[in-house]
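In: Have a look at this prediction, sequence included:
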Amino acid sequence: MTDPANSAGLTDLFASRRYFRKFETVMGHMARVAGVMETEGDLSREEVKLLVRYATALTFTFRALSLKYLLVGRDTGRFFGSLAIDRTESGFPTATEILTMGHDALQADTHLAGAPSVADLKRQMVDVIIGERKVPTKLQFALSQRLYYEELQKGQLFWARNDPSLQWLGNLGEDRRRFLIHWAVWDSQLNLPVIYLMECEDTGRTPLPKDQRRWPEAQAHLMAQSLGALKLVTIAKGFDEDFDDLHPKRLRRLHVGPLYSSAFTAQSGPLGEVLSAAKAPVGQDWALVWTEEDLQSERVVEERAGWFSKVEREIFALDPFSGRGAETGTTRMQRSIILPARPFQVLSELNPSGFDTVRKYVVSGSRVLRY
């Protein structure tokens, strides 16, 4: 869980709104970058759709939180705190905020059942403005909370746990099917949204999504292993060994963030220096890091299982360069950064060490250029 010393509450109304606008902009760019990655062959059409889906879920999450804290800093007659963000590590809302949002979602029906309708609240607000000639802050707060719970009730948000789903990718034979399994978590150690993609072959008697025993077991197994501290090779090997008829051929983990912003974060290092030197206008003073870990099966071996049968086991390819594969537990690792034009210009001028192998996606309006 995020160290409380690294988190801070956004208690200023206008700063809070700028923060949420920034995230909505960034998530929109993330979806466009995924499209560029498809064009370049780094992602398939199915994978792009999934990433856009998770980016949309993150946008809905930030929208819900923006409604919850719409009146932050105002005297609403009730203390409800302020949005806690991880200022030094990730730039995202803390994991506690996401967990609390999940608990609120379970109570959404109860809250909405006893609350005045949006129309009633607006009529009361007009009466206060005209009759009492003052700002109806308490009613505004009541309306913001109603809209917050309505947003939670709609669903399709990015929760602390987003359980595995799968897509059929075709059959390789009569008894061998290919699936793309995907799931996501809000990692409480990294305080970042993390997305997992696993290409898996299924040789079970019953197709995996229809198997009432294996599919729930596979879902529970994957969620239990979705920890940032675990290497991909550890996760993939454990899955391979626990399910004799499920064969993980490729496993990827995408870390969305950290988000660097000169207005809201206090991160040190090269990107902090770049944003400070860029002095970019409001809305363009940010940089989002995107890290992809990729593990691929190199070959298959057969092992004896009992007296008369054998099972397939995957041998995974590890990065051969400088022995880093054993250290990272991946076949490869690729870091990317998404940023507006002004910060990119300063990054190019300063040219800090360690950024030569980082992919740069520069966004301007609806355009995305890769460098």
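Out: Thanks, I have it.
In: can you give me the helices in the chain?
Out: For the chain, helices defined by DSSP state H occupy the ranges 13-39, 45-68, 95-106, 108-113, 118-127, 137-154, 214-224, 232-242, 270-278, 324-328, 341-350.
In: And the second one, what does it pack against?
Out: In terms of contact count using 3 or more C-beta pairs under 8 Å, 6 or more residues apart in numbering; DSSP states H and E, helix 45-68 is assigned the packing partners helix 13-39, helix 95-106, helix 137-154, strand 161-173, strand 176-187, strand 192-202, strand 246-261. C-beta here means a position set from N, CA and C on the backbone, and glycine is covered the same way.
In: quick one, which of these is nearest to residue 112?
Out: helix 137-154 (5.3 Å; C-beta to C-beta).
In: what angle sits between that closest one and helix 95-106?
Out: For helix 137-154 against helix 95-106, the angle by axes from the mean of the first three to the mean of the last three C-alpha atoms, to 10 degrees is 80 degrees.
In: Buried ones in helix 137-154, by neighbour count?
Out: By 16 or more other C-beta atoms under 10 Å, the buried positions in helix 137-154 come out as 138-152.
In: Tell me the confidence at residue 191?
Out: As predicted, residue 191 sits at a pLDDT of 90.
In: now the one 10 residues further on
Out: According to the prediction, residue 201 has pLDDT 96.
In: So for it, what's the nearest residue that isn't a sequence neighbour?
Out: Leaving aside its sequence neighbours, residue 201 sits nearest to residue 247 (C-beta to C-beta, 6 or more residues apart in numbering; 4.4 Å).
In: tell me the contacts of the one you found?
Out: Contacts for residue 247 (C-beta atoms under 8 Å, 6 or more residues apart in numbering) come out as 200, 201, 202, 203, 240, 297, 300, 312, 314.
In: Ranking by neighbours, what's the top pick from the residues you listed?
Out: Ranked by the number of neighbours (other C-beta atoms under 10 Å), these place residue 202 first, at 26 neighbours.
In: Show me what it bridges to in the sheet.
Out: Residues in a beta bridge with residue 202, per DSSP bridges, are residue 177, residue 246.
In: okay but it is in contact with residue 244, surely?
Out: No. Counting by C-beta atoms under 8 Å, residue 202 sits too far from residue 244 to count as a contact (11.3 Å).
In: who touches both of the two?
Out: Shared contacts of residue 202 and residue 244 (C-beta under 8 Å, 6+ apart): none.
In: Can you tell me which of the contacts of residue 247 comes closest to residue 16?
Out: Checking those against residue 16 with C-beta to C-beta, the nearest one is residue 200 at 41.9 Å.
In: quick one, what contacts that closest one?
Out: By C-beta under 8 Å, 6+ apart, the contact list for residue 200 reads 178, 179, 180, 181, 208, 246, 247, 248, 249.
In: cool, residue 343 as well?
Out: By C-beta under 8 Å, 6+ apart, the contact set of residue 343 is 274, 275, 278, 280, 284, 285, 286, 287.
In: do the same with residue 231
Out: Counting by C-beta under 8 Å, 6+ apart, residue 231 makes contact with 328, 329, 330.
In: Can I get the contacts of residue 343 in a markdown table including pLDDT, neighbour count and distance to residue 26?
Out: Formatted as a markdown table, these follow (pLDDT from 0 to 100; neighbours: other C-beta atoms under 10 Å; distance: C-beta to C-beta, whole Å):
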| residue | pLDDT | neighbour count | distance to residue 26 |
| --- | --- | --- | --- |
| 274 | 88 | 26 | 16 |
| 275 | 87 | 25 | 14 |
| 278 | 85 | 23 | 16 |
| 280 | 81 | 21 | 14 |
| 284 | 84 | 17 | 11 |
| 285 | 86 | 21 | 12 |
| 286 | 89 | 25 | 7 |
| 287 | 91 | 26 | 9 |
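In: strand partners of the longest strand seen in the chain, parallel vs antiparallel please.
Out: Counting residues, the longest strand found in the chain (DSSP state E) is strand 286-305. Note on strand 286-305: by DSSP bridges, its sheet partners are strand 246-261 (antiparallel), strand 309-317 (antiparallel), strand 332-340 (antiparallel).
In: okay, those, which one's buried deepest?
Out: strand 246-261 (a mean of 22; mean count of other C-beta atoms under 10 Å).
In: how much does that strand deviate in direction from helix 341-350?
Out: Using the same axes, to 10 degrees, the inter-axis angle of strand 246-261 relative to helix 341-350 is 90 degrees.
In: what residue is smack in the middle of the chain?
Out: The chain has residue 193 as the residue nearest its centroid, 3.1 Å off, counting by C-alpha atoms, centre = their mean.
In: That one reaches residue 158, doesn't it?
Out: Yes. Here residue 193 reaches residue 158: they are 6.0 Å apart, a contact under C-beta under 8 Å.
In: Got the domain ranges for this structure?
Out: What automatic domain parsing lists as the domains of the chain is 4-154, 161-370.
In: Check the offset of the longest one from the chain's centre.
Out: Translated: domain 161-370. Going by C-alpha atoms, centre = their mean, to the nearest Å, the spacing between the C-alpha centre of domain 161-370 and its chain's C-alpha centre is 11 Å.
In: Dump the helices of the chain to a markdown table, plus distance to residue 318.
Out: Below are those laid out as a markdown table (distance: least, C-beta to C-beta, whole Å):
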| stretch | distance to residue 318 |
| --- | --- |
| helix 13-39 | 23 |
| helix 45-68 | 22 |
| helix 95-106 | 30 |
| helix 108-113 | 46 |
| helix 118-127 | 56 |
| helix 137-154 | 42 |
| helix 214-224 | 21 |
| helix 232-242 | 7 |
| helix 270-278 | 28 |
| helix 324-328 | 3 |
| helix 341-350 | 31 |
